[in-house]
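Novice: Got a predicted structure plus its sequence, pasted below:
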Amino acid sequence: MAKETLTITDNRTGKTYEVPITEDTIKAIDLKQIHVVEGDFGLMTYDPAFMNTASCRSAITYIDGDAGILRYRGYPVDQLAEKSTYLEVAYLLINGELPTQTELDKFTQDVTHHTFVHENVRTFIDGFRYDAHPMGMLCATVSALSTFYPEAKDVLNHDIRRQQMVRLIAKMPTLAAWSYRHHAGMPFVYPSNEVSYSENFLQMLKRIAEPKFEVHPEIVKALDVLFILHADHEQNCSTNVMRSIGSSRADPYVAVAGAAAALYGPLHGGANEAVLRMLREIGSLANVPAFVKEAKGGSGARLMGFGHRVYKNYDPRAKVIKRLADQVFDLVGKKSPLLDVALELERIALTDDYFVSRKLYPNVDFYSGLIYEALKIPVDMFPVLFAIPRTSGWLAQWEELLLDKDQKIARPRQIYTGYDERAFVTMDKRTAAPTKG
């Protein structure tokens, strides 16, 4: 019978080691026993960007990139997008099971009750420059909430921890909308206890002076679907940051602020903005063939919104969003001229051997920017709209880390490539360092 082990022979010493295999992984710490000289540190793995390193065991989100599968707690994301609400999905991510009606009503009531923020938060936002980026304001404001809830530091207390999780899910839309309103020079709109989570956000974002501001139910549903599709995505950059900060047992407000800061980066939360920029540069259907030729020739043009670090098949979220885009354009009564360009690019990418062989399929960012634009949401708000739903995923991952006995404070190793010990040089004997690059 085959053994669940890996046999390693160190050709430097001729010694052989047997390492256990569990769930198709070996523990990096087991390699430490492999060394040339007794007493040295032992063998390490070198894996920049964690391309093939599992940092945790998780029961939250499952991705099979080759098969194009994304599931939250076992449920396919397309089924959740079609049949549930964002708050149902948030409950699922945090608790592991879909809620009963009673559980959902209680969770919705708790979230709704906590959408208001302390008035000092309003003063804090007013302190930013008039042109401050909404995502920068959101990161700072979420972090500032830590000072309003000092009890949040007791992260191992279940009841206190869960209260902060509800508060964060509830307050993110308020902080996000207020960041936008400040950026736009418009008065703040307070939350409403009479409407759904997504409609509440749209009201705070868009209401001007109407005595009763109403949003089309299908637009509310579209935003809710987008929130569901962005709720979690396994161990991505921002989730890794959330877990890393959480490993120090920092409170969830500063951990979410750090995760949001990672999402602020153009390689993470800015991808759908890059798609819009690309579509605008192409401009029209007539320019698509030339753009594709440049992209294939590597002469400067980059095909944004295609391919994914994880998915080597069609991103399952992209299929949902493509259908959603058609519905939204029908509702708003006009079709973006960029949509025709997007559709033609997608057609080429799905039929051209160059793109098919490289598995460059459309991803979630390809159509989401077009939908946000159709809803008249400015580009600066795109990463903010990403951060609102991702908060529930971050919090689920954060709590899982806290309850995982295998986890310790994050502390990666390094391969030192600098100088050996050097003697101090006095000022009169120093020379200017050569310019790098």
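Specialist: Yes, it's here. Residues are numbered from 1 along each chain as shown.

Novice: ranges for the helices of the stretch 251-400 of the chain?
Specialist: Along the stretch 251-400 of the chain, the segments classed as helices by DSSP state H, counting those that start in this stretch run 252-263, 271-282, 288-297, 316-332, 337-351, 353-357, 365-374, 382-402.

Novice: Indicate which one of these is closest to Ser58.
Specialist: Among the helices of the stretch 251-400 of the chain, helix 382-402 comes nearest to Ser58, with 6.0 Å by Cβ to Cβ. Just so you know, the C-beta spots here come from the backbone N, C-alpha and C atoms, and that holds for glycine as well.

Novice: got the angle for that closest one vs helix 271-282?
Specialist: Helix 382-402 and helix 271-282 meet at an angle of 150 degrees, taking axes from the mean of the first three to the mean of the last three Cα atoms, to 10 degrees as the criterion.

Novice: Between helix 365-374 and helix 382-402, find me the angle.
Specialist: Using the same axes, to 10 degrees, the direction of helix 382-402 lies 130 degrees away from that of helix 365-374.

Novice: Leu104: what's it in contact with?
Specialist: Contact analysis of Leu104 by Cβ atoms under 8 Å, 6 or more residues apart in numbering lists 87-88, 91.

Novice: Now Tyr75: phi and psi?
Specialist: The phi and psi values for Tyr75, taken as degrees, to the nearest 10, are phi -90, psi 130.

Novice: beta partners of it?
Specialist: The residues paired with Tyr75 through beta bridges, assigned by DSSP bridges, are Tyr72.

Novice: Local confidence estimate at it?
Specialist: You'll see Tyr75 listed with a pLDDT of 98.

Novice: Surely it touches Gly96?
Specialist: No: counting by Cβ atoms under 8 Å, Tyr75 does not reach Gly96; the two are 11.1 Å apart.

Novice: Among those two, which residue is more densely surrounded?
Specialist: For Tyr75 versus Gly96, neighbours defined as other Cβ atoms under 10 Å are more numerous around Tyr75 (16 against 13).

Novice: Run a quick neighbour tally on Asp66.
Specialist: Around Asp66 sit 11 other residues, with neighbours defined as other Cβ under 10 Å.

Novice: circling back to that earlier point, out of the contacts of Leu104, which are inside helices?
Specialist: Helix and strand membership here follows DSSP state H; of these, those in helices are 87-88, 91.

Novice: Of these, which is the nearest to Gln109?
Specialist: So of the ones in helices among the contacts of Leu104, ranked by how close each gets to Gln109 (Cβ to Cβ), first place is Leu87, at 10.5 Å.

Novice: Now for that closest one: which residues touch it?
Specialist: Shown here is Leu87, whose contacts under the criterion Cβ under 8 Å, 6+ apart are 104, 107-108, 111, 197.

Novice: Quick check: can you list the domain ranges of the chain?
Specialist: Domain assignment for the chain by automatic domain parsing gives 1-46, 66-265, 271-374.

Novice: Mind checking these for the one nearest to Ser392?
Specialist: In this view, the domains of the chain are compared for proximity to Ser392 by Cβ to Cβ, and domain 66-265 is the closest at 3.7 Å.

Novice: start to end distance for the closest one?
Specialist: 26 Å (Cα to Cα, to the nearest Å).

Novice: And stretch 175-192, by the same measure?
Specialist: Between the opening and closing residues of stretch 175-192 lies a distance of 14 Å (Cα to Cα).

Novice: residues in contact with that stretch?
Specialist: For stretch 175-192, using Cβ under 8 Å, 6+ apart, the contacting residues are 112, 115-117, 121-122, 125-126, 128, 130-135, 137-138, 141-142, 173-174, 200-201, 203-205, 207-208, 378, 380-381, 384-385, 387-388.

Novice: Just list the residues touching Glu38, thanks.
Specialist: Listed by Cβ under 8 Å, 6+ apart, the contact set of Glu38 is empty.

Novice: Quickly note the distance from it to Gly14.
Specialist: Note on Glu38: its distance to Gly14, by Cβ to Cβ, to the nearest Å, is 15 Å.

Novice: One more: Ser146?
Specialist: Noted for Ser146: a distance of 55 Å to Gly14, by Cβ to Cβ.

Novice: Which one of those two is surrounded by more residues?
Specialist: Under the criterion of other Cβ under 10 Å, the comparison of Ser146 against Gly14 puts Ser146 first, with 19 against 7.

Novice: Assign the more buried one to helix, strand or coil.
Specialist: helix (DSSP: H, G, I helix; E, B strand; the rest coil).

Novice: Thr351: how many residues sit nearby?
Specialist: Per other Cβ under 10 Å, the neighbour tally for Thr351 reads 9.

Novice: where does it land on pLDDT?
Specialist: With respect to pLDDT, Thr351 scores 86.

Novice: neighbours of the closest residue to Thr45 other than its chain neighbours, just the number please.
Specialist: Across the structure, with Cβ to Cβ, 6 or more residues apart in numbering as the measure, the residue nearest Thr45 apart from its sequence neighbours is Ala28 (5.2 Å). Counted with other Cβ under 10 Å, the neighbours of Ala28 add up to 15.

Novice: just checking, Glu151 is part of a strand?
Specialist: No: counting by three-state DSSP, Glu151 falls outside a strand, being helix.

Novice: Which secondary structure state is assigned to the closest residue to it other than its chain neighbours?
Specialist: Across the structure, with Cβ to Cβ, 6+ apart as the measure, the residue nearest Glu151 apart from its sequence neighbours is Ile160 (5.6 Å). Three-state secondary structure (criterion: three-state DSSP) places Ile160 in helix.

Novice: I'd assumed Val89 was in contact with Tyr72.
Specialist: Yes: counting by Cβ under 8 Å, Tyr72 does reach Val89; the two are 6.4 Å apart.

Novice: Could you tell me which residues touch both of the two?
Specialist: The contact lists of Tyr72 and Val89 share 80, 231, where a contact means Cβ under 8 Å, 6+ apart.

Novice: ok, the closest residue to Tyr46 other than its chain neighbours to Phe41 distance?
Specialist: The shortest distance from Tyr46 to any residue that is not its chain neighbour, by Cβ to Cβ, 6+ apart, is 6.1 Å, and that residue is Ile415. Distance of Ile415 to Phe41, computed by Cβ to Cβ: 11 Å.

Novice: Tell me where this structure has strands.
Specialist: Assignment of strands within the chain using DSSP state E yields the ranges 5-10, 15-20, 61-64, 69-72, 75-76.

Novice: Kindly compare burial across the ones you listed and name the winner.
Specialist: Of all the strands of the chain, strand 69-72 has the most neighbours on average by mean count of other Cβ atoms under 10 Å, namely a mean of 20.

Novice: hey, C-alpha coordinates of that one in CSV?
Specialist: Backbone C-alpha positions of strand 69-72 (Å, rounded to 0.1, in the frame of the first residue of the first chain) are rendered in CSV as follows:
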residue,chain,number,x,y,z
ILE,A,69,-15.6,27.0,-10.1
LEU,A,70,-16.2,29.4,-7.3
ARG,A,71,-18.2,28.3,-4.2
TYR,A,72,-19.0,30.0,-0.9
